[in-house]
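Novice: how would this look folded up:
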Amino acid sequence: MKDGRAVSSPANGKLGGRPKESLDWIIMHQEGYRFECLRCGWSYSPKLPIGVNMMIACMESFKKDHKHCKEQKEKQDGLSN
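Specialist: Numbers count the residues shown, from 1 in each chain. Below is the predicted model:
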């Protein structure tokens, strides 16, 4: 901490002493501020307007719900290309 603020250290990938999480499959789209899990396909768009604290809570909740989603294998229908 420096002057009460968390300091990021690129060398160790930590912010405020906690390791960074990489959840690249959980994304947010600009249009409609839609959250999407690229692993299971689920998406959620909070009703706007929304307060900043509520938006952060929605993001954290969506992240928690999809943190452990497994990658879906493409369904094969037995047909060859």
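
Novice: so where do the helices sit in the chain?
Specialist: 52-66 (DSSP state H).

Novice: For it, name the helix or strand with the lowest mean pLDDT.
Specialist: strand 8-9 (a mean of 44; mean pLDDT, DSSP states H and E).

Novice: what number of residues lie near the residue lying closest to W42 once chain neighbours are set aside?
Specialist: Spatial nearest neighbour of W42, chain neighbours left out: H66 (6.9 Å); criterion: Cβ to Cβ, 6 or more residues apart in numbering. Bear in mind the C-beta positions are built from the backbone N, C-alpha and C, glycine included. Here the count is done by other Cβ atoms under 10 Å, and H66 has 19 residues near it.

Novice: And for C37?
Specialist: Neighbours around C37, by other Cβ under 10 Å: 19.

Novice: ok, what's across the strand from it?
Specialist: Beta-bridge partners recorded for C37 (DSSP bridges): I26.

Novice: quick one: it and D24 touch, right?
Specialist: No - using Cβ atoms under 8 Å, C37 is not in contact with D24, being 11.0 Å away.
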